[in-house]
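Visitor: My questions are about this predicted structure, shown below with the sequence.
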Amino acid sequence: MTRERFDMILRANRDRVYGHALRSLRDADDAEDVTQEAFLRLWRTDPDVPDARIGAWLLRVVHNLCIDHARRRRTVRTYLGQPDPTALADLAAEPHPAAPGAGEATGRIGGELREAMAALTPETRSILLMHYEQGLKLREIAELIDANVSSLKVRIHRARKALRAVLEASDEPPLAARHENGI
């Protein structure tokens with residue numbers, strides 16, 4: 001791979017890759033590590049992938065790296081205790097460069113949604129992010145994670161149902177009611 005081609009791919013995909021890793025792992029340092037590893041793998045392997053598909057290749061690599069990282073982190077937590085409880089709140093307060101400016105209501109709802117997504121497995125969270133945040137079609141995600149579309153639909157349905165249950169279990173009114181009432 002030439003340096004120029006790598007630089008072009010890096011510039012075109014770094015925010016998307018980092019944003020996906022950040023939302024999947026919910027930790028800026030871990031997301032940076034995963035993003036770096038994904039681009040290192042691109043440089044080392046120079047996959048025989050057309051430039052139009054390189055973004056999808058990178059998302060697949062990041063998806064798998066996030067799952068691996070979450071598994072390792074879970075093992076470390078078993079031995080080292082729980083992570084800092086303020087880390088998620090700090091992360092929610094920081095704007096992400098890949099995210100467009102968000103208003104006050106969007107920030108509040110987004111923070112609650114991020115907290116609710118913490119209840120999902122890293123793989124399920126990653127699938128939801130690819131579909132709703134990255135805008136990938138179910139067929140594309142299925143190709144990326146080597147799954148069939150119908151099982152992917154079931155996983156997304158179950159994840160949405162779990163998110164709804166977590167959000168409705170909070171002390172505040174459901175998100176839809178707050179949005180309609182301007183809360």
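Guide: It's in.
Visitor: For the protein, give the helix that spans the most residues.
Guide: Assignment by DSSP state H gives helix 54-80 as the longest helix of the chain.
Visitor: and the end-to-end length of stretch 45-52?
Guide: With C-alpha to C-alpha, to the nearest Å as the measure, the first residue of stretch 45-52 is 17 Å from its last.
Visitor: which strands and helices sit next to the longest helix of the chain?
Guide: Counting contacts by 3 or more C-beta pairs under 8 Å, 6 or more residues apart in numbering; DSSP states H and E, helix 54-80 is packed against helix 3-25, helix 28-45, helix 122-128, helix 138-145. Yep, even glycine has a C-beta here, placed from its N, CA and C like the rest.
Visitor: ok now the second one, how far from the chain's centre?
Guide: In other words, helix 28-45. Distance, stretch centre to chain centre, for helix 28-45: 15 Å (C-alpha atoms, centre = their mean, to the nearest Å).
Visitor: same question, the longest one
Guide: Averaged C-alpha coordinates place helix 3-25 at 13 Å from its chain's average position (C-alpha atoms, centre = their mean).
Visitor: Just the C-alphas of that helix, formatted as PDB.
Guide: Output in PDB follows, covering the C-alpha atoms of helix 3-25 (Å, rounded to 0.1, in the frame of the first residue of the first chain):
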ATOM      1  CA  ARG A   3       1.600   6.100   1.700                       C
ATOM      2  CA  GLU A   4      -0.700   8.400  -0.400                       C
ATOM      3  CA  ARG A   5      -3.400   5.800  -0.600                       C
ATOM      4  CA  PHE A   6      -3.200   5.000   3.100                       C
ATOM      5  CA  ASP A   7      -3.400   8.800   4.000                       C
ATOM      6  CA  MET A   8      -6.400   9.200   1.700                       C
ATOM      7  CA  ILE A   9      -8.200   6.200   3.400                       C
ATOM      8  CA  LEU A  10      -7.200   7.500   6.800                       C
ATOM      9  CA  ARG A  11      -8.600  11.000   6.200                       C
ATOM     10  CA  ALA A  12     -11.800   9.600   4.700                       C
ATOM     11  CA  ASN A  13     -12.600   7.100   7.500                       C
ATOM     12  CA  ARG A  14     -10.900   8.100  10.800                       C
ATOM     13  CA  ASP A  15     -13.800  10.000  12.300                       C
ATOM     14  CA  ARG A  16     -16.300   7.300  11.300                       C
ATOM     15  CA  VAL A  17     -14.100   4.500  12.700                       C
ATOM     16  CA  TYR A  18     -13.300   6.400  15.900                       C
ATOM     17  CA  GLY A  19     -16.900   7.400  16.400                       C
ATOM     18  CA  HIS A  20     -18.100   3.900  16.100                       C
ATOM     19  CA  ALA A  21     -15.400   2.600  18.500                       C
ATOM     20  CA  LEU A  22     -16.200   5.400  21.000                       C
ATOM     21  CA  ARG A  23     -19.900   4.700  21.000                       C
ATOM     22  CA  SER A  24     -19.300   1.000  21.200                       C
ATOM     23  CA  LEU A  25     -16.700   1.000  24.000                       C
END
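Visitor: Much appreciated, bye for now.
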